[in-house]
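Colleague: Fold the stuff below for me.
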Amino acid sequence: MANKAFEALMRLVGSIVKAPIKRFWKSFEESCAERDYLHIVISLIVSLICLAGIGFLFVIIAVKATEIILSNPFPFAVIAAIVALYFHVADEKKDKSKADVIATESVVEQLKKQASSGYPAMANVIFQCLMSCAKDISARAPVFMKEIEVPEGHYVIREEYGIYLYQFKIDKEDMHTTYDEGILQEFANNIQYTLHSKLHADAFPSIKLHDFQDKYGNIYDGIVIVNVTDFGRYFLIHTAYASDAYSDYNIIRQRKVNEEVGSHDTEDWDSKK
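Modeller: Okay, the predicted model is just below:
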């Protein structure tokens, strides 16, 4: 607020100072066109007098203000200190906000680099798993890896959790059938079981993935199937590399799911009363 008020005051002062100059140049252009040189001289003299008057007025205001301040400096010193403190706090908040934005952008960029570098291996694993288990999830087995790629993007960033999720698609066997959350979770479990079997059978010798144990003692495969979503014509599959960040994300996600299930159960119970 103080910054805006100061800027408005400076614009007002600037407008006052520039008014005689603008008037002179306008009169100068008109007089030149009419070859009225006497009017040019008169306009110049008037403009200089106006500028001198404005300058003299500012000097008087400055002198009077100085006299008032020196006659009783304490209130003005307090006001100046408050204004200075306000500007300091405002600048600190602005700098912190900029630093937070830069930090967030750097985290997102780092996650994007990690996601891009890990995509080829993830795509190879998921492609082979889907070829093997497509019939178990009511889908059509892909023939080429291009079939499972999502045109909108190979991954999504969840910067609030510090993770990235890969996304793949597989065409449904029957696009007219809609599957509920329970069935979709079974499909995710089927893909995870196929993935688990292949990883432990060393089906991907060029990819070194080991079981991951988080800080809570939970054991994950090196790659996890996060969820399966029915998009009508195809299933969208989200996957991730197991990590502490993913473990925290998964716990929060499961907690939200349980809360939603609990709220639905309460509504059903209330409706039966």
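
Colleague: before we move on, what SS does V156 have?
Modeller: strand (DSSP: H, G, I helix; E, B strand; the rest coil).

Colleague: who's in contact with it?
Modeller: Y164, L165, Q167, H238 (CB atoms under 8 Å, 6 or more residues apart in numbering). (Glycine included, C-beta is placed from N, CA and C.)

Colleague: Buried residues of stretch 195-214, list them for me.
Modeller: Neighbour counts over stretch 195-214 (16 or more other CB atoms under 10 Å) mark L195, H196, K198, L199, F204, F212, D214 as buried.

Colleague: Make sure T239 is indeed in a strand.
Modeller: Yes - counting by three-state DSSP, T239 is found in a strand.

Colleague: Distance-wise, check it relative to V63.
Modeller: With the distance defined as CB to CB, to the nearest Å, T239 ends up 76 Å from V63.

Colleague: contacts for the helix or strand containing L195?
Modeller: Element membership for L195, per DSSP states H and E: helix 181-200. Contacts of helix 181-200 with the rest of the structure, by CB under 8 Å, 6+ apart, involve 125-126, 128-130, 132-133, 136-138, 179, 204, 209, 221-230, 235, 237.

Colleague: Just the buried subset of the residues you listed, written out for PyMOL, thanks.
Modeller: Restricted to buried positions by 16+ other CB under 10 Å, the PyMOL selection for the contacts of helix 181-200 reads:
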select buried, resi 125+126+128+129+130+132+133+137+179+204+221+222+223+224+225+226+227+228+229+230+235+237
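
Colleague: the more surrounded of T239 and V63?
Modeller: T239 (23 against 10; other CB atoms under 10 Å).

Colleague: Can you name the next helix or strand after the helix holding L195?
Modeller: Using DSSP H and E, the helix or strand that follows helix 181-200 in sequence is strand 212-213.

Colleague: what's the next secondary structure element after that following strand?
Modeller: Moving toward the C-terminus from strand 212-213, the next helix or strand (DSSP H and E) is strand 219-220.

Colleague: Pairing partners for that following strand, with directions?
Modeller: strand 212-213 (antiparallel) (DSSP bridges).

Colleague: measure Q114 to I148 for me?
Modeller: From Q114 to I148 the distance is 21 Å (CB to CB).

Colleague: Among the two, which residue is more densely surrounded?
Modeller: I148 (19 against 14).

Colleague: I'd say that one and I170 touch.
Modeller: Yes - in this structure I148 lies within contact range of I170 using CB atoms under 8 Å: 5.9 Å.

Colleague: Next, the buried residues of the helix holding L195.
Modeller: L184, F187, A188, N190, I191, Q192, T194, L195, H196, K198, L199.
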